[in-house]
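> Just to be clear, the model below is a prediction. Sequence and coordinates:
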There are 2 protein chains.
Amino acid sequence: MNMMAFEFDDDVVIVDCGVMFPDAEMLGVDIVLPDLTYVRENRERIRAILLTHGHEDHIGGLPYLLEEVDAPVYGTPFTLALAHSKLVEHDLAEDTELREMQPHAHFQVGPFQVEFIHLTHSIIQSGALAITTPLGTIIHSGDFKLDPTPTDQQVSDLHTLAEYGKRGVLALFSDSTNVERPGLTPSERAVRQRLGQIMGDARGRVLISCFATSMHRLQIVTDLAYEYGRKLCFVGRSMFQNSEIAMQMGKLVVPPGLLIPPQDLRKLPREQVAVVIAGSQGEPMSAMARVSVSSHKWVSVEPGDEVVLSARVIPGNEKAIFRMLDHLYRRGARVYYQDGSQPPVHVSGHGSAEELKLMLNLVRPKFFVPIHGEYRQLWRHMELAKELSAVSQESFLLETGDILEFDEHGARRSGRVTVGRTYIDGGTLDEVEDVILKERRHISEDGIVIPILAINEHTGLLETPPEIVSRGFVPLEEAPDLVESARDVILRTIEKSNLEEVSDWGVIKEKIRTALRRHFSDETGKRPMILPVILEV
Amino acid sequence: MNMMAFEFDDDVVIVDCGVMFPDAEMLGVDIVLPDLTYVRENRERIRAILLTHGHEDHIGGLPYLLEEVDAPVYGTPFTLALAHSKLVEHDLAEDTELREMQPHAHFQVGPFQVEFIHLTHSIIQSGALAITTPLGTIIHSGDFKLDPTPTDQQVSDLHTLAEYGKRGVLALFSDSTNVERPGLTPSERAVRQRLGQIMGDARGRVLISCFATSMHRLQIVTDLAYEYGRKLCFVGRSMFQNSEIAMQMGKLVVPPGLLIPPQDLRKLPREQVAVVIAGSQGEPMSAMARVSVSSHKWVSVEPGDEVVLSARVIPGNEKAIFRMLDHLYRRGARVYYQDGSQPPVHVSGHGSAEELKLMLNLVRPKFFVPIHGEYRQLWRHMELAKELSAVSQESFLLETGDILEFDEHGARRSGRVTVGRTYIDGGTLDEVEDVILKERRHISEDGIVIPILAINEHTGLLETPPEIVSRGFVPLEEAPDLVESARDVILRTIEKSNLEEVSDWGVIKEKIRTALRRHFSDETGKRPMILPVILEV
């Protein structure tokens, strides 16, 4: 959930607003957003939203942000095109001003002069931001690697970074994702080599699954399909949409006649097609997951087909992904994934330790702040900076919400802003409150028991024996003794209470809850949620 | 959940009976056991349980198995010692006959002649089984690597494997865990080198977390602590128990005076102690997890301390482990974990591709069955066997439950036995039924809504307006309109039903459930579990 705000006096610019996909612990949650309290409190001061690139963890929260604040959005043409399709879905496109950023073109936002600096990454038109304030220039690296041989020949703009470094940079905020990897991240070109070998040797269909935003990867597969005389097919909603956008912008070049629609796949011999398919993370409803269980409308795999997972296995998704790959193996496909063999079927879009060092040495800032990573990665990026003499004054390990203040005397931590997570239910796009999640977690551990009491409104006495229903707990129909003893516990609890207590439903409910909790814990060792209901009849 | 049965005529031996730790999807489940239906159905035929080694995924299910079957348990002394402490916990120790297996000593179980063959693994006294039947010899590899320089000098018994290979082996069942790794798995000795560097350079406390069954690792740390003049302390219940067992058996040698109890840690300067601590997988209540959040009674970390995670990061545990490591970083510790740097802080106990090839080439069986691994790993092990000329007849990719039949004409698949998972609640040791898990999963996604109707037993009419309570759904107190409209839906459903339907509670409940499901889906996009309750008053 990458998001950062830069303030100068009364003006604020926001860099990125991403989403995160939920952990298994976040029951029934589909999207996680940053808590936007700071944005709401500073709504009037926000002058612009700057996007470094078009990945979900940098732009996914944009529609939610734009519901809170009215400010222009800056991004490269491809980033804005991806953002635009999101805004259309949320019915926000008409009210939002999208402004294109181009490398080398400076623009002013209040007191901030901004320049976009092209850097290589797994998505095209990605880069760093140089934000110059009256106090000095801040460089925000975005996500980057320093690929010397990118597929589109657009190497990183090291010259501009060097120039800023020469003039003097107040602070560098730099990507820490791959700080644990020594050396250099392999070039995207390495993937071309491997995919070429696979396609060259293939005698059946070739399916390649990658992120739908990986335009380099899509271009590589397109080129190889052409080279090896295969028709090309994009499968999956995101894959189709993003390839359309990229083709329209000239950022994905597909020779005429190469592309076929999924419904034509069956008309062609298997050895004459290459399929690029969404769902590399094993998402249950994705095209690739459906293919793996033979439930996709147009695409199937058969013995002799080749399937390539040309993507990172995101931690947390291992089980879903490998379950999917196992299904593909069972169907007789030969499956390729990142198993350490060389050349690789996937390379990272983030620079390794030597690239991070080069960034530090080029920019040589007064102050350095590692960003984008877990605590241990930020820590190791700090350690790595210490090995160099690139940072002339100080490095800060900031956690989400920390404020870093700069002035003519230097820089220092100065308090925190409200941060956190906002959980969104994908079906409704509504927020899922913390209390609801806690309830789900409690019930999901030991189930729920609902004792129901019908009390006569005139006499204050029970009309019928207490009713007890449950779900996710022990099956009560198989445990009549447990139900009977629980009824006894309820009756005894009522008997032992005085009239005031019985007539105060809050009190009697709590007493019943406490008594039953102890009873169930003793009898079953479980701690179900207990939800007493009183009906006045 | 490793478990296999070998049948010959009327006799059966079982090899291993492991447990699995649950996925996040298995809500409220603590242990997963193999379905023991086959065992129950063949109870009278089972002559012995053979254990290859003492890891949880090979012996954890033993107590549950022994509740079903009365047969002697064979294992090496260390394996039996670990099994024994489990049996004591389950009050089964007295009724179980434990028989020691020693390398080179043959013993007879019905028609099976069995020999234990020592192989190196991350736990001591681990090995393969040669099970000779009138049809020929079967070799079950257990879990193994072929470490040329094990810490206890007990190299794998390649000679016995070679001898069987020379005489002729009917079938080899071999560990596939690390088939995806090229080359050879590094020797346990590599870890000694790295831990020695860390301890040599340390100026504060050194904490090393590993599996409590890793006696090699415990011996290495013990030796290093002695070498570097540090007192040694074992922390965590499993670590304490297992080290006690190993010391009593002479399998962990600790110089006199080296060991201190945890409560003495505070009396010694930080640079004079080394701590071996349980909880390498970030288990919430483990010693290491408690240290990481400063809530352990005796152990803490401070700036300048060193913490080593000398264990594998088991897939599925990444988040818990790295969250724990981040807490340790925040407390100022220097943290070491498996990040690819050399020499490693942990090495695998499973052989890589070249070791698996050597096993195949030594044993050169007629038939080969890859075991221990996910489908893709079994598949790759089959591929690897194809590269060699070691298997003279055929390889079989079997999935859990498949039967492979051997006779004088060869081998073939012949049907399946009932297999599956049995979910155990750790608090109660009771089985958690599938239906209960499904209920929890349903509620955990969208919550539960309970509409309650009090119906007059004489008139068949509602006594009061329907009551509606919910948990894990939208907070109803904030949505009075939703409650009101749901009440209307219930009332309309009852109105539109005829008298027979209303008096048949099963029918009317189902009609209310259906109507409310549609209503909530339309209004909220959610599909909570709906559990109508009717009270007769």
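Here it is on my side, so go on.

> Quick check: residues of the stretch 401-537 of chain A near chain B?
A:425, A:427-428, A:430, A:433, A:435-436, A:439-441, A:443-448, A:450, A:452, A:454, A:463-464, A:467, A:469, A:471-475, A:524-526, A:529, A:531, A:533, A:535-537 (Cβ under 8 Å from any Cβ of the partner chain). Quick note: C-beta positions are derived from backbone N, CA and C, even for glycine.

> hmm, which of those are the buried ones?
Among these, the ones that count as buried by 16 or more other Cβ atoms under 10 Å in any protein chain shown are A:425, A:436, A:439-441, A:443-448, A:450, A:452, A:454, A:463-464, A:467, A:469, A:471-474, A:524, A:526, A:529, A:531, A:533, A:535-537.

> Show me those residues that map onto strands.
A:425, A:448, A:450, A:452, A:454, A:467, A:469, A:471, A:529, A:533, A:535-536 (DSSP state E).

> hmm, stretch A:345-362 touching chain B?
No. Stretch A:345-362 lies out of reach of chain B by Cβ under 8 Å from any Cβ, never closer than 10.6 Å.

> Could you list the alpha-carbon positions for that stretch in CSV?
What follows is stretch A:345-362, C-alpha atoms only, in CSV (Å, rounded to 0.1, in the frame of the first residue of the first chain):
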residue,chain,number,x,y,z
VAL,A,345,11.4,-17.8,-16.9
HIS,A,346,10.9,-14.7,-14.8
VAL,A,347,13.1,-11.9,-13.5
SER,A,348,12.4,-9.4,-10.8
GLY,A,349,11.5,-5.8,-11.6
HIS,A,350,13.4,-4.6,-8.6
GLY,A,351,17.1,-3.8,-8.4
SER,A,352,19.4,-5.9,-6.2
ALA,A,353,22.0,-4.7,-3.8
GLU,A,354,24.5,-3.4,-6.4
GLU,A,355,21.8,-1.4,-8.2
LEU,A,356,20.7,0.1,-4.9
LYS,A,357,24.3,1.1,-4.3
LEU,A,358,24.6,2.7,-7.7
MET,A,359,21.4,4.7,-7.0
LEU,A,360,22.9,5.9,-3.7
ASN,A,361,26.2,6.7,-5.3
LEU,A,362,24.7,8.7,-8.2
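
> tell me how far it is from the chain's mean position?
21 Å (Cα atoms, centre = their mean, to the nearest Å).

> in that stretch, what counts as buried?
Buried residues in stretch A:345-362 (16+ other Cβ under 10 Å): A:345-353, A:355-360, A:362.

> Considering the residues you listed, which is situated nearest to B:Asp9?
A:Val345 (49.4 Å; Cβ to Cβ).

> how far away is A:Val347 from B:Gly183?
Look at A:Val347 and B:Gly183: by Cβ to Cβ, to the nearest Å, they are 22 Å apart.

> oh sorry, the question was meant for A:Asp10
In terms of Cβ to Cβ, A:Asp10 sits 61 Å off from B:Gly183.

> Same question for A:Ile59.
Taking Cβ to Cβ, one finds A:Ile59 at 42 Å from B:Gly183.

> Could you do A:Gly279 as well?
32 Å.

> try A:Pro262
41 Å.

> ok, those two, which is more surrounded?
A:Pro262 (18 against 9; other Cβ atoms under 10 Å in any protein chain shown).

> Spit out the contact partners of that one.
Contact partners of A:Pro262, counting by Cβ atoms under 8 Å, 6 or more residues apart in numbering or on different chains, are A:233, A:235, A:297-299.

> try 10 Å this time
A:233-236, A:240, A:275, A:277, A:287, A:296-299 (Cβ atoms under 10 Å, 6 or more residues apart in numbering or on different chains).

> correct me, but A:Lys231 touches A:Gln272?
Yes. The pair A:Lys231 / A:Gln272 is scored as a contact, 6.0 Å apart, by Cβ atoms under 10 Å.

> joint contacts of these two?
Contacts common to A:Lys231 and A:Gln272, judged by Cβ under 10 Å, 6+ apart, are A:225, A:260, A:265.

> What count of nearby residues applies to the second one?
Counted with other Cβ under 10 Å, the burial measure for A:Ile260 works out to 18 neighbours.
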